[in-house]
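Q: next comes the sequence, and after it the predicted model I'd like to discuss.
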There are 2 protein chains.
Amino acid sequence: MIDLTATLCCAPVASGVISDDDALAVALRLKAVADPVRVKLLSLLLVSDIDGVRNSDLARHLELSDATISHHLGQLHRAGLLTRSRRGTSIYYRVDRNSLAALVRVIDPDCCL
Amino acid sequence: MIDLTATLCCAPVASGVISDDDALAVALRLKAVADPVRVKLLSLLLVSDIDGVRNSDLARHLELSDATISHHLGQLHRAGLLTRSRRGTSIYYRVDRNSLAALVRVIDPDCCL
DNA sequence: CACATTACTTGACGTATGTCTAATCGTACG
DNA sequence: CGTACGATTAGACATACGTCAAGTAATGTG
């Protein structure tokens, strides 16, 4: 599998045509965000970034099952977009702002200008 | 269906929690990009932006069938990320840099700082 | 240790997606 | 008009994805 935590920058725009491997890596990370539930999750996590948010709280807020939220958080986590830290029986998720910003830059046509 | 050409900005970060409708609109546009072939298409189109590129040329370059490329270009076009203009029997595709930049801003955690 | 709480995993189900071949549409040019 | 060329559409197929219910794992508390 491909290391989705590596840093990428300005692939499509600046450095000529993107390679197959880079295109796949970018697509996999974008796929991790390209779902309405996960967009809402990122939004929720970004506005309540203080200490992170728990699976069960997110499930209640989005009116979806724990299993479904766990699935989505796993996708975002595997893509390197979330960090998690356990406190007691709960696991608190936070957005890794650097990773998200890096992903954003890759498809930004104005990047590297 | 949802109008994917409307402009969105800074939804997750600044303006509190994103609405269901906005989350869906953002996710649909991200889905349009979240595919390795379409990432390569965007890359190809961005670096050869002069006059646009034809379906058949892209198909040859990516070694996929015309129908498949047409499918992917349709996805990107429906998402408002490409413009197309006919010259003769050929249709030339170009990236709508403003739309792409707007999409990028929506998920940029550093947007609106 | 037994129990409660929280999160994750598994298996199942329906739906959506990517790809191709073949057929259709649009435009140009003898 | 008929033929050619480029692009899209339709249909078919395998694969991937989102969701849930049920079961399992990890941690804390009496």
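A: That came through fine.

Q: enumerate the residues of chain A near chain B.
A: Applying C-beta under 8 Å from any C-beta of the partner chain, we find that chain A lies next to chain B at A:11-13, A:16-18, A:20, A:23-24, A:26-27, A:30-31, A:33-40, A:42-44, A:46-47, A:95, A:97, A:100-101, A:103-104, A:107-110. C-beta: built from backbone N, CA, C; applies to glycine.

Q: list, out of the residues you listed, those positioned next to DNA strand D.
A: Residues of the residues of chain A next to chain B in contact with DNA strand D (C-beta under 7 Å from any atom of the strand): A:31, A:35, A:37-38.

Q: which ones among the residues you listed map onto strands?
A: Judged by DSSP state E, those include no members of strands.

Q: now the strands for chain A?
A: Using DSSP E, strands in chain A cover A:53-54, A:82-87, A:90-95.

Q: what residue ranges in chain A score low on pLDDT?
A: Within chain A, the ranges that satisfy pLDDT under 70 run A:1-15, A:112-113.

Q: the same query, at a cut-off of 90, please.
A: A:1-18, A:47-51, A:105-106, A:109-113 (pLDDT under 90).

Q: grab the most central residue of it for me.
A: Central residue of chain A (C-alpha atoms, centre = their mean): A:Leu81, 3.2 Å from the mean position.

Q: for B:Ala67, see how far away the residue in chain A sticking out farthest from the centre is.
A: Each residue of chain A has a distance to the centre, and by C-alpha atoms, centre = their mean the biggest one is for A:Gly16: 25.7 Å. According to C-beta to C-beta, to the nearest Å, A:Gly16 and B:Ala67 sit 27 Å apart.

Q: which of the strands of chain A sits most buried?
A: Among the strands of chain A, ranked by average contacts under mean count of other C-beta atoms under 10 Å in any protein chain shown, first place goes to strand A:53-54 (a mean of 20).
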